[in-house]
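Undergrad: from the sequence below, what's the structure:
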Amino acid sequence: MVVVFLIIIFLVFPVHSNGVQDKEQKKVDSYYRGKTKEGWWWYEDIYKKEEKQEEETKKEPFQEQQKQVFTPKPLKEYSYEELLYMHPDEFSKLYDYYLKKAVQKPTEENVYEFYNLQDVARKKALLFSHYAGYVWQKYPELSTERDIPIVGPGITQRNDLIRKELQDYKQKNASEFGYVVFVKQDCGYCDTQLKILKYAEMDGIPIKVVDVERNPSAQQQFAVEVTPTIIVVDQKTGKYMPISAGVISLDEIYRRTARAIRIMSGGSPDRYGIYEFQKGTSVDPLEPSPMWKKKNNN
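TA: I've put the predicted structure just below:
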């Protein structure tokens, strides 16, 4: 009876593997299926093989790291010329190696080797500096000395050109733009900025003061978060651009105003930081470098 009962159970309730077992069986089937060379019954433990592959994969990064350890030859075996003209990447590795060696074990020999290598690094920089001076003198079109003077008279002349350009901007555009200044009560910096702007008012530039506490809608409209904030507004088009957040000098206000007007008039930020008289010079990013300028001229 027991045997009959078991047979009935197996017939009515066939034994099925759970989801995991089904997947494992399919995995085995798919692995062996198509193995015509070995045959269906060729034995190979795929699970142990996968475990071995995982172990090898874990070892690879460590082994790769071991291969990448930089071990140079003793420093005295390098010639001075070899170090002086060594590729920067290779020299950097060598420098780091002897630096760490000296820090890890600061013996007389290790520290002596490091400072000798540091001296080579300094002389590599000097060598480049000497060639830079030579090239600038031989090819003056590469030098920025004519556009960014470093002597007193040249600096004075450059400042005069800047001042003249800003004055021209101010006189030409004073009737077309104005300043909106956002302030609030008990703001000492706001009072200071308003005193500076009195001189702009004397130059004929209209100024409107907005208290952000009394007019929060204006503050939200212009996304003002700091007081004092100055915004320059084109009175004809309604376009505007922030000038400052915090106290700045009148010269800086006019400098930023000139740049803002240029942008609002359709100019590109490519030349935002230069003045009109600097266009086409060595400080103009859109001016081709001498090598390509000569090529274009030819």
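Undergrad: give me the pLDDT value at the residue lying closest to residue 189 once chain neighbours are set aside.
TA: Leaving aside its chain neighbours, residue 189 sits nearest to residue 247 (5.1 Å; criterion: CB to CB, 6 or more residues apart in numbering). (C-beta placed from N, C-alpha, C; glycine too.) Note on residue 247: pLDDT of 94.
Undergrad: my read: residue 247 touches residue 192, true?
TA: Yes: Residue 247 lies in contact with residue 192 (CB atoms under 8 Å); the separation is 5.3 Å.
Undergrad: when these two are compared, which one has more neighbours?
TA: Of the pair residue 247 and residue 192, residue 247 is the one with more neighbours under other CB atoms under 10 Å, namely 17 against 13.
Undergrad: who touches that one in this structure?
TA: By CB atoms under 8 Å, 6 or more residues apart in numbering, residue 247 lies in contact with 189, 192-193, 196, 228.
Undergrad: name the element it belongs to?
TA: Using DSSP states H and E, residue 247 sits in no helix or strand.
Undergrad: what does residue 295 give?
TA: helix 290-297.
Undergrad: which residues touch that helix?
TA: Contacts of helix 290-297 (CB under 8 Å, 6+ apart): 139, 141-142, 287-288.
Undergrad: what does stretch 98-116 give?
TA: 75, 117.
Undergrad: report the rounded mean pLDDT for it.
TA: Stretch 98-116 comes out at a mean pLDDT of 96.
Undergrad: buried set for it?
TA: 98, 101-102, 110, 113-114 (16 or more other CB atoms under 10 Å).
Undergrad: hang on, the earlier thing: which two of the contacts of residue 247 have the greatest separation?
TA: Farthest pair in the contacts of residue 247 (CB to CB) is 189 and 196. Separation: 10.8 Å.
Undergrad: and these two? Which one has more around it.
TA: Ranked by neighbour count (other CB under 10 Å), residue 189 and residue 196 place residue 196 first, with 16 against 13.
Undergrad: rewinding a little: what's the farthest-apart pair in the contacts of helix 290-297?
TA: 139 and 287 (15.4 Å).
Undergrad: when the two are compared, which one has more neighbours?
TA: Per other CB under 10 Å, whichever of residue 139 and residue 287 has more neighbours is residue 287, with 15 against 11.
Undergrad: helix, strand, or coil at the more buried one?
TA: Of the three states, residue 287 takes coil under DSSP: H, G, I helix; E, B strand; the rest coil.
Undergrad: any idea how far residue 165 is from the closest residue in space to it that isn't next to it in sequence?
TA: Using CB to CB, 6+ apart and skipping the chain neighbours, the partner closest in space to residue 287 is residue 280 (5.5 Å). Between residue 280 and residue 165 the distance is 15 Å, computed by CB to CB, to the nearest Å.
Undergrad: out of those two, which sits in the more crowded spot?
TA: A count of neighbours by other CB under 10 Å puts residue 165 above the other of residue 280 and residue 165, at 17 against 10.
Undergrad: helices or strands up against the helix or strand where the more buried one lies?
TA: Per DSSP H and E, residue 165 falls inside helix 152-173. Applying 3 or more CB pairs under 8 Å, 6 or more residues apart in numbering; DSSP states H and E, one finds that helix 152-173 contacts helix 250-264.
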